[in-house]
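1. Got a sequence here, can you model it:
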Amino acid sequence: MRSSWRLPSNTFGGTTRTTCEKIWAAVNDLGQLKSLSASIAILNFKAVAKRTSDPKMQQFLSVIGAATPNIQTLESVARDERPFLPELAWAYFAAYTTILYGSRARYLVLKSGLDEADKYLSNEEAQTILKAFRIRANLSMRQ
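-> Predicted coordinates:
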């Protein structure tokens, strides 16, 4: 039999929303960063970082970042919901946000034109974090 857990209801903006609804709202809000994340993921970060001072590269970066929302407009409705979620559910959400915000950070570093940006920020650290998360998630699911 599947174990069930009930999500508590919390008041939010005059209406009652469950923790699950807040997490889902945050996932949808963060979805605005998915296209940028997908674009950054396929770039050869080191090669692009070497050419950030090239006007054509800056134009290319402007194009892939054109639809990126202002980070201040993204509400953090899920921030306070961690105590109400199972550890694995929060870990998935945290991994998702790490991927999206990490991609945005790499984009901003490239867009800034910083020389040798690959020395300051790369994909390897994010891949290490996500690999550790996958191992942890697999262990949790087996229990």
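
2. Now do stretch 62-78: distance from first to last residue.
-> Distance across stretch 62-78, first residue to last, is 30 Å (Cα to Cα, to the nearest Å).

3. for it, what is the average pLDDT?
-> Averaged across stretch 62-78, the pLDDT comes to 81.

4. Can you tell me the closest non-neighbouring residue to Tyr120?
-> Val109 (6.4 Å; Cβ to Cβ, 6 or more residues apart in numbering). The C-beta positions use only the backbone N, C-alpha and C, and glycine is treated the same way.

5. need the contact list for that neighbour.
-> The contact partners of Val109, by Cβ atoms under 8 Å, 6 or more residues apart in numbering, come to Ala49, Ala117, Tyr120, Leu121.

6. Look up how far Ala41 lies from it.
-> Note on Val109: its distance to Ala41, by Cβ to Cβ, to the nearest Å, is 15 Å.

7. Going by distance to Arg82, which of the contacts of Val109 wins?
-> Nearest to Arg82 among those: Leu121, at 26.4 Å, using Cβ to Cβ.

8. my guess is the closest one meets Arg106, correct?
-> Yes: with contacts counted by Cβ atoms under 8 Å, Leu121 reaches Arg106, the gap being 5.5 Å.

9. The residue most central in space within the chain: helix or strand, and which one exactly?
-> Among the residues of the chain, the one closest to the centroid is Leu100, at 2.3 Å (Cα atoms, centre = their mean). Here Leu100 sits within helix 87-111, counting by DSSP states H and E.

10. Buried residues of that helix, list them for me.
-> Buried residues in helix 87-111, counted by 16 or more other Cβ atoms under 10 Å: 89-90, 92-93, 95-97, 99-100, 102-104, 106-111.

11. cool, and stretch 62-77?
-> Buried residues in stretch 62-77, defined by neighbour count with 16+ other Cβ under 10 Å: Ile64, Gly65, Thr68, Val77.
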